[in-house]
Structure formats: structure tokens, C-alpha cells
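Enquirer: Provided below for reference: sequence and predicted model.
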Amino acid sequence: MTEDSFIFLKKYIDNPSPTGFEYLGQKLWMEEMSKHITSEIETDTYGTAVARLGNLESKYKVMVEAHADEISWLVSYITKDGYLHVKKNGGADEQITPSKRVRILTEEGIVKGVFGWPATHIRPKDKKPEVTNIYVDCGATSKKDVEKMGIKIGDPIIYDEGLQLMGKRNIVGRGLDNRIGGFCLVEIAKYLKDNKIELPFQLLLVNAVQEEVGQRGAQMIAESLKPNVAIVIDVCHDTNTPMIGISMDIIGMLKLPVHKALWEGLKLSWNLVVATFSGFYHLIYDGLTGHGNLSAITGPVGIVGVVGDAAEFGFIYLLSFTALISINLAVINLIPFPALDGGRLLFLLIEKIKGSRIKPKIANTINVIGFGLLMILMVVITYHDIVKLL
């Protein structure tokens with residue numbers, strides 16, 4: 001990333017662009033995009049912006065789309081004491097709100113505030129942030145004070161955070177979902193211009209609005225532009241962080257009478273089997289539909305690390321993890337795929353239906369192919385595990 005690109009990215013991320021109020025962010029994006037294209041940028045009634053590149057006379061249209069909006073909060077009620085109650089604008093997470101500083105975007109300008117929350121010494125231990133009990137303190141002591149600040153019902157609220165570098169390769173900031181996509185659109189236009197690349201088709205770079213409330217902007221502009229091909233740029237979850245995937249932690253020991261322990265063990269084992277089948281179903285389904293994510297899978301290298309953690313915690317934890325791995329292996333082995341027991345069961349079912357045996361040569365060939373594919377998958381997963389360690 002060049003210095004100029006980073007300057008624009010920071011300016012773009014730091015600027016507010018909540019769902020339904022994207023105009024300031026779109027203005028910045030259009031100004032930057034206009035430096036790299038010769039045609040005028042179009043906007044629809046709702047605020048989605050479209051930059052056209054390539055052969056504008058071509059009837060073949062390729063659309064690359066990102067969305068300009070960010071999740072936020074909306075002022076939903078003002079108490080007589082001057083506190084602001086809120087509602088979600090998109091997929092905002094109430095769990096992270098306590099003590100977050102915010103910017104309230106009013107027609108008269110920005111008002112600073114903070115999400116209040118009782119201190120740990122005085123709040124009930126089971127109390128958790130919910131939309132019904134979180135509030136914003138803007139320094140007012142009455143509803144009249146709030147109104148004097150220009151705050152009204154429906155005003156958007158964003159976190160008072162900007163873009164910053166984290167280490168040498170990573171960035172963190174509010175609204176990366178998905179203005180990093182809008183940034184990529186600008187970089188595409190910049191790359192085409194700098195390298196004097198002439199496209200034989202019409203390229204539509206679309207920065208859409210209102211994605212966080214149902215992809216409304218993208219749906220409307222797609223109906224208008226009717227592209228032949230559409231490519232969507234968006235963010236996804238980092239599955240390498242703690243609390244995501246498989247990890248070990250000390251959670252305590254539950255002591256039960258022998259008969260209850262056996263019963264609870266059976267229930268837990270059954271629930272693990274069901275959860276494992278469900279996990280593999282979704283994994284296979286996502287793979288077949290093109291949504292697979294290898295970063296969510298770990299192999300021998302990753303498992304060795306978790307085994308080490310389990311061993312440090314003690315024998316019981318190591319035994320529990322061994323049971324979990326055994327259940328996973330048992331479920332994998334039942335998948336109706338060549339070279340697995342499930343594949344053999346499938347062959348037996350086919351033989352039962354057709355009334356004759358499958359020729360050994362054919363069965364062996366299919367099993368060898370299946371085994372080869374499994375080995376390739378293992379190599380790929382192991383490679384990803386090693387890359388994560390580097």
C-alpha cells in the first residue's frame with residue numbers, strides 16, 4: 001500500500017458513514033475515485049455510487065461491488081434526565097458498548113458522548129448489556145439540555161474511533177466492514193489507470209448503501225445496471241483468534257455420583273456426535289456451494305498444539321480432548337466417501353439395491369482415487385496449519 005493510498009484509507013475510515021446516512025462517506029469516495037477515471041460517477045436516488053470504466057460501448061458488463069455503510073446506533077428515546085436510549089442500525093453488538101466513546105451525528109454537527117454502564121462493584125453479577133438497558137450519556141442533565149445540543153430522535157450514533165496501524169501488517173478501525181471494500185474499488189481503478197490497461201468490457205465499480213439492513217442498495221442497483229457478472233468484495237471473520245475454533249481452557253471440575261456421571265457422560269457424548277455431524281454437514285455444504293473456508297479447519301499440526309495445551313492442564317483435560325477427537329474421527333469415518341468405512345457401507349447399499357457385487361477392480365480404483373483426494377486435502381490443511389504458525 002502506498003502512502004497516498006493509506007492517507008485516503010484513513011480519511012475514509014475516520015469519516016462517519018452509518019447506514020442510511022452514507023452521504024459524507026460517499027462524497028469522499030467519489031472525490032477519490034474521480035482522480036482515476038474519465039467518466040462521471042453516477043448515483044441513484046438512495047445514494048449508491050457507480051464508476052464506469054473500460055469499454056463503455058460494450059454490452060457486456062462486469063460489476064464489482066462493495067458497500068459504503070457501517071453499523072451504528074440510533075437515538076430512540078430521550079429521558080427527562082438527559083440520557084439517550086438507542087436502537088440498532090444494522091448488526092450492532094450491545095455486548096461491546098459499555099464505556100465506548102461515541103459521536104452523535106446531528107444536523108447541527110457532532111456531539112460527543114459515552115455509553116454508560118454501572119461499575120463492577122455495584123451492578124448485579126448476572127447483569128449483561130442489552131438494548132433495553134444500555135444508554136448514552138452526552139453530558140446533559142435534562143431532556144431540554146439534549147434538545148439544545150441539537151440531538152433528535154433518529155440521529156445516528158457511531159463509535160468515536162479511527163483507523164490505526166497494529167504492528168507492521170495489520171490495521172484496526174471502525175467501519176472496516178466494509179469501507180475496506182470501497183477502498184479496494186478505488187485501488188482497482190488506480191491500478192488500471194497507472195498501468196494503462198484497456199478493458200474490452202464495461203467495468204462497473206459500485207459502492208452501495210444500506211447493506212447492513214438487508215443489502216438494499218446492492219439489490220436496487222443490480223436491477224438497474226443488470227450486469228452479466230457480479231463480484232462482491234466484503235470482509236469475513238478472523239477464525240485464528242481465541243474463542244473461535246478449538247482451544248483448551250480450565251473451566252472447573254463437576255463432581256457427580258457415579259450413576260449421574262455416567263448418564264451425563266452419555267448425554268454429552270450424544271450432543272457432541274450431533275454437533276459434529278452438523279458441523280461436517282455445513283462444512284461440506286459450504287464447500288459444494290463455493291463458500292468453504294479452509295482456515296476453519298485444522299489438521300495434525302494444529303491438533304498437536306491443542307494437545308500440548310490439554311496436557312498442561314492435566315490428565316482429565318487431555319482425556320476429554322482425546323474423546324472429542326475420537327468422536328470427530330468416528331464421524332469422519334462414517335462419511336459415505338471412498339476409502340472410508342462410510343464409503344464401504346455405500347458400496348454395500350449399492351450392491352444390495354442392484355442385486356450383484358461391484359467388480360473388485362472398479363471398487364479398488366474408486367477407493368484409490370478417494371484415498372488420493374483425502375491425502376491431497378490433508379496436505380493442503382497441513383500447509384495452512386504451518387502458515388498460521390509462521
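Expert: The structure has been received and is ready for your questions. Numbering: from 1, shown residues only.
Enquirer: okay, CA-based contacts and neighbour counts for the rest of this
Expert: OK.
Enquirer: could you pull out the helices for the stretch 151-300 of the chain?
Expert: Taking DSSP state H, counting those that start in this stretch as the test, the helices found in the stretch 151-300 of the chain are 176-194, 216-225, 258-288, 300-313.
Enquirer: any idea which helix or strand comes after the helix or strand hosting E31?
Expert: Counting by DSSP states H and E, the element that carries E31 is helix 23-33. Once helix 23-33 ends, the next helix or strand along the chain (criterion: DSSP H and E) is strand 42-43.
Enquirer: for the record, mean pLDDT for stretch 326-336?
Expert: Regarding stretch 326-336, the rounded mean pLDDT is 85.
Enquirer: From R52, how far off is S142?
Expert: Applying Cα to Cα, to the nearest Å, the value for S142 to R52 is 51 Å.
Enquirer: do F371 as well
Expert: For F371 relative to R52 (Cα to Cα), the value is 49 Å.
Enquirer: neighbour count winner among those two?
Expert: Higher neighbour count among F371 and R52: R52, with 21 against 16, using other Cα atoms under 10 Å.
Enquirer: The helix or strand containing the more buried one pairs with which strands, parallel or anti?
Expert: With elements taken from DSSP H and E, the one containing R52 is strand 49-54. Neighbouring strands of strand 49-54 in its sheet, by DSSP bridges, are strand 42-43 (antiparallel), strand 202-208 (antiparallel).
Enquirer: what inclination does the helix holding E31 have with respect to helix 176-194?
Expert: Orientation check (axes from the mean of the first three to the mean of the last three Cα atoms, to 10 degrees): helix 23-33 against helix 176-194 gives 20 degrees.
Enquirer: I'd like to know which elements helix 23-33 is packed against.
Expert: Packing partners of helix 23-33 (3 or more Cα pairs under 8 Å, 6 or more residues apart in numbering; DSSP states H and E): helix 3-14, strand 49-54, helix 176-194.
Enquirer: Single out the most deeply packed of these.
Expert: Most buried of these, by mean neighbour count (mean count of other Cα atoms under 10 Å): strand 49-54, with a mean of 22.
Enquirer: Show me which positions of the helix or strand hosting T365 end up buried.
Expert: Using DSSP H and E, the element containing T365 is helix 360-389. Neighbour-count burial for helix 360-389 flags 366-367, 370-371, 374, 381-382, 384-385 (criterion: 16 or more other Cα atoms under 10 Å).
Enquirer: Dump those to a markdown table, plus pLDDT and distance to E42.
Expert: Shown next, in a markdown table, are these (pLDDT from 0 to 100; distance: Cα to Cα, whole Å):
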| residue | pLDDT | distance to E42 |
| --- | --- | --- |
| I366 | 91 | 55 |
| N367 | 88 | 56 |
| G370 | 88 | 52 |
| F371 | 88 | 54 |
| L374 | 86 | 50 |
| I381 | 82 | 44 |
| T382 | 84 | 47 |
| H384 | 78 | 42 |
| D385 | 77 | 45 |
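Enquirer: if we can go back for a sec, between the helix holding T365 and helix 300-313, what angle do the directions make?
Expert: Using the same axes, to 10 degrees: helix 360-389 against helix 300-313 is 60 degrees.
Enquirer: From the contact counts, what lies against the helix or strand of the chain with the lowest mean pLDDT?
Expert: Counting by mean pLDDT, DSSP states H and E, the chain has its least confident helix or strand at helix 300-313, which shows a mean of 74. Here helix 300-313 touches helix 315-333, helix 360-389, going by 3+ Cα pairs under 8 Å, 6+ apart.
Enquirer: which one of the ones you listed lies closest to D160?
Expert: D160 lies closest to helix 360-389 among the helices and strands packed on helix 300-313, at 32.3 Å (Cα to Cα).
Enquirer: shaky segments in the protein?
Expert: 239-240, 242-254, 291-296, 388-390 (pLDDT under 70).
Enquirer: Show residues contacting stretch 318-328.
Expert: 272-273, 276, 307, 310-311 (Cα atoms under 8 Å, 6 or more residues apart in numbering).
Enquirer: Could you check how far the residue nearest to P18 when sequence neighbours are not counted is from V111?
Expert: In this structure, P18 finds its nearest non-sequential neighbour in E70, 4.7 Å apart by Cα to Cα, 6 or more residues apart in numbering. Going from E70 to V111 by Cα to Cα gives 19 Å.
Enquirer: Look at those two and report which has more neighbours.
Expert: E70 (29 against 17).
Enquirer: Please report phi then psi for that one.
Expert: The phi/psi pair for E70 (degrees, to the nearest 10) reads phi -130, psi 150.
Enquirer: my guess is it meets S17, correct?
Expert: Yes - the pair E70 and S17 passes the contact test of Cα atoms under 8 Å, sitting 5.9 Å apart.
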